[in-house]
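1. dropping the sequence and predicted coords here.
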Amino acid sequence: MKIITKVFSIITLTVLLFSGCNNQSETLETEELHHGQTESMVELTPAQYKIAGIELGRIEQKNLSNVIKVNGVLEAPPQNLVSISAIMGGFVKKTSLLPGNRIEKGEVVVVMEHPDYIQLQLDYLDSDSKLTYLELEFARQKGLQEKNVSSAKTFQRTTADYKSIKARVNALEQKLALIGINAKELRESEKISRTIKVYSPISGYVSRVNVNIGKYMNPADVMFEIVNTEHLHAELTVFEKDIGKIKEGQRIRFTLPNENNRERLATVHLIGRLINEHRVVKVHGHLDKEDEQYLPGMFIKAFIEINNNTVNALPEEAIVQSGGKHYIYILKEKRIENNQEVNSFKMIEVQKGIEDGLYAEVALPDTFDINSNQIVLRGAYSLLSKMKVSGEEEEGHGH
């Protein structure tokens, strides 16, 4: 009987041990799974998504190793930058332009007045009247000369007077055209104006205003500057030691001062042939796309790609560091919960390679599908912060 009791006790103890081990194993497995999800997954409500400033995108192909870093400015070609002056000096009577105003070609930029405008119109009408008389006299004298009725001397004098006044009328017509007065309309109406209108020769934006009402402007004074920003180019400064590597057609990646996270593209179009006193050469780049944000004189930072050795790359801010390792976030799923969209993101470890200050090379897991996965380009650090806060809260509840 004692032997049976001992055997039963041993069997019971063994069953309890195995049962305890299984329960412990299930508990550990559950904890590990839960712990793994906390470390690699994070969810955002629509409000959190907006606050985090999430921006999704995909892996890009960038040339990060064979590039030349340069500085430069955006410039307007000479034909797109116009200085407006008064052809004849005068007083500013009316203008409403301010720097930054949009203006169209042919639009009035300023109204001016001066007694000289009156005198010029008077001289033209007077000369035009004389020309009409001399045209008739020239025709009459020519007919008489052909019939040998008048003397050759009289015909020659009439011819000289006719040609002289005709040249004067033509010259006055050109002067009137310079100040915006149509000679034909003036001749027909005979209405003399004390004011003239100055028109814009191009469409663009007013970049400088040097006038005020009542101010006298000399012909050499620049009243307005107007720039057409539709065809700006990148004027890059390349050091002498690097100029031999630059070729027409090479790609240019550049950023504006207030947009360090957004790259824009251009192409090397012209290479300067003069090395200045600072041992640099100017390189002219054509922009791929126009943008209203571009302004002449705007400073830019650029990378000129020397060859086509491209790698998988992401913006620096898309790659976060935690525990000495580098990670990116991908959009895992979207679902509706409590009548609102919830976005789930998964953290994936990557290896970081070459950097250029804006982008960094990334080595991705072999199973990562570049074409289907949407990557968090902006807001990755917000996701990391939320994940850490959630992890601390989980630990606090556990204790």
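-> Here it is on my side, so go on. Residues are numbered from 1 along each chain as shown.
2. strands paired with the strand ranked longest in the chain, and their directions?
-> Longest strand of the chain, by residue count under DSSP state E: strand 340-355. Using DSSP bridges, strand 340-355 pairs in its sheet with strand 41-44 (antiparallel), strand 325-337 (antiparallel), strand 359-363 (antiparallel).
3. next one: it to chain centre, how far?
-> 30 Å (C-alpha atoms, centre = their mean, to the nearest Å).
4. pull out the buried positions in that strand.
-> 342-343, 345-348, 350, 352, 354 (16 or more other C-beta atoms under 10 Å). (C-beta placed from N, C-alpha, C; glycine too.)
5. so where is the chain shaky, pLDDT-wise?
-> Within the chain, the stretches with pLDDT under 70 are 1-39, 260-261, 391-399.
6. same thing but at 80, please
-> Low-confidence segments of the chain (pLDDT under 80): 1-39, 65, 145-151, 258-261, 292-293, 307-309, 356-357, 389-399.
7. walk me through the domains of it.
-> 39-62+312-398, 67-76+232-308, 80-114+199-231, 116-193 (automatic domain parsing).
8. okay, how far is it across the last one, tip to tip?
-> For domain 116-193, the first and last residues are 11 Å from each other (C-alpha to C-alpha, to the nearest Å).
9. swap in the third one?
-> Between the start and the finish of domain 80-114+199-231 there is a gap of 8 Å, counting by C-alpha to C-alpha.
10. for stretch 296-315, which positions count as buried?
-> Using 16+ other C-beta under 10 Å as the test for burial, stretch 296-315 gives 296, 298, 300-306, 311-315.
11. burial count for the residue nearest to residue 110 when sequence neighbours are not counted?
-> Leaving aside its chain neighbours, residue 110 sits nearest to residue 95 (4.2 Å; criterion: C-beta to C-beta, 6 or more residues apart in numbering). Using other C-beta atoms under 10 Å, residue 95 has 18 other residues around it.
12. can you map out the strands along the stretch 51-200 of the chain?
-> Ranges of strands in the stretch 51-200 of the chain, per DSSP state E, counting those that start in this stretch, are 55-57, 60-62, 67-75, 81-85, 90-94, 102-103, 108-113, 195-199.
13. quick one on the thing from earlier: check contacts around the residue nearest to residue 110.
-> Shown in contact with residue 95 (C-beta atoms under 8 Å, 6 or more residues apart in numbering): 109-111, 209, 211, 213.
14. swap in 10 Å and give it another go.
-> Residue 95 is in contact with 108-112, 198, 209, 211-213, 223-224, counting by C-beta atoms under 10 Å, 6 or more residues apart in numbering.
15. do the same with residue 361
-> 62, 64-65, 310-314, 350-355.
16. what residues are bridge-paired with it?
-> Residues in beta-bridge contact with residue 361 (DSSP bridges): residue 313.
17. please name the nearest non-neighbouring residue to residue 87.
-> Here the residue nearest residue 87, using C-beta to C-beta, 6+ apart, is residue 178, at 4.5 Å.
18. what number of residues lie near the one you found?
-> The burial count for residue 178: 12, using other C-beta under 10 Å.
19. just the element for the closest residue to residue 82 other than its chain neighbours, please.
-> Excluding the flanking residues, the one nearest residue 82 by C-beta to C-beta, 6+ apart is residue 226, at 4.9 Å. Per DSSP states H and E, residue 226 falls inside strand 222-227.
20. before we move on, the earlier item: run through the residues that contact the residue nearest to residue 87.
-> Residues near residue 178 by C-beta under 10 Å, 6+ apart: 87-88, 120, 196.
21. of those residues, select the buried ones using a ChimeraX command.
-> What follows is the ChimeraX syntax selecting those of the contacts of residue 178 that are buried according to 16+ other C-beta under 10 Å:
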select :88,120,196
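22. tell me the one of the contacts of residue 178 nearest residue 249?
-> Nearest to residue 249, judged by C-beta to C-beta, of the contacts of residue 178 is residue 87 at 43.3 Å.
23. which pair in the buried residues of strand 340-355 spans the largest distance?
-> Top of the distance list for those (C-beta to C-beta): 342 and 354, 36.3 Å.
24. one step back: could the contacts of residue 361 go into CSV alongside distance to residue 256?
-> What follows is these, written out as CSV (distance: C-beta to C-beta, whole Å):
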residue, distance to residue 256
62, 18
64, 20
65, 24
310, 23
311, 25
312, 25
313, 20
314, 20
350, 28
351, 31
352, 26
353, 26
354, 24
355, 20
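25. which of those lies closest to residue 47?
-> residue 314 (26.2 Å).
26. surely residue 338 is in contact with residue 45?
-> Yes: the pair residue 338 / residue 45 is scored as a contact, 9.1 Å apart, by C-beta atoms under 10 Å.
27. more crowded one of these two?
-> A side-by-side neighbour count of residue 338 and residue 45, using other C-beta under 10 Å, places residue 45 first with 14 against 6.
28. any idea how far the residue nearest to residue 325 when sequence neighbours are not counted is from residue 163?
-> Nearest residue to residue 325 in three dimensions, chain neighbours excluded: residue 349, at 5.7 Å (C-beta to C-beta, 6+ apart). From residue 349 across to residue 163, the span is 92 Å (C-beta to C-beta, to the nearest Å).
29. look up how far residue 305 lies from residue 242.
-> According to C-beta to C-beta, residue 242 stands 13 Å off from residue 305.
30. now list whatever residues contact both of the two.
-> What both residue 242 and residue 305 touch, as defined by C-beta under 10 Å, 6+ apart, is the set residue 68.
31. can you select the buried ones from the contacts of residue 95 in ChimeraX?
-> Buried residues within the contacts of residue 95, by 16+ other C-beta under 10 Å, are selected in ChimeraX with:
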select :109,110,112,198,209,211,223,224
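32. farthest pair in the contacts of residue 95?
-> Greatest spatial distance in these: 108 and 212, 16.9 Å, computed using C-beta to C-beta.
33. ok, back up a step: export the buried residues of strand 340-355 as CSV, with columns for distance to residue 360.
-> Below are those laid out as CSV (distance: C-beta to C-beta, whole Å):
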residue, distance to residue 360
342, 30
343, 24
345, 20
346, 20
347, 17
348, 15
350, 9
352, 5
354, 7
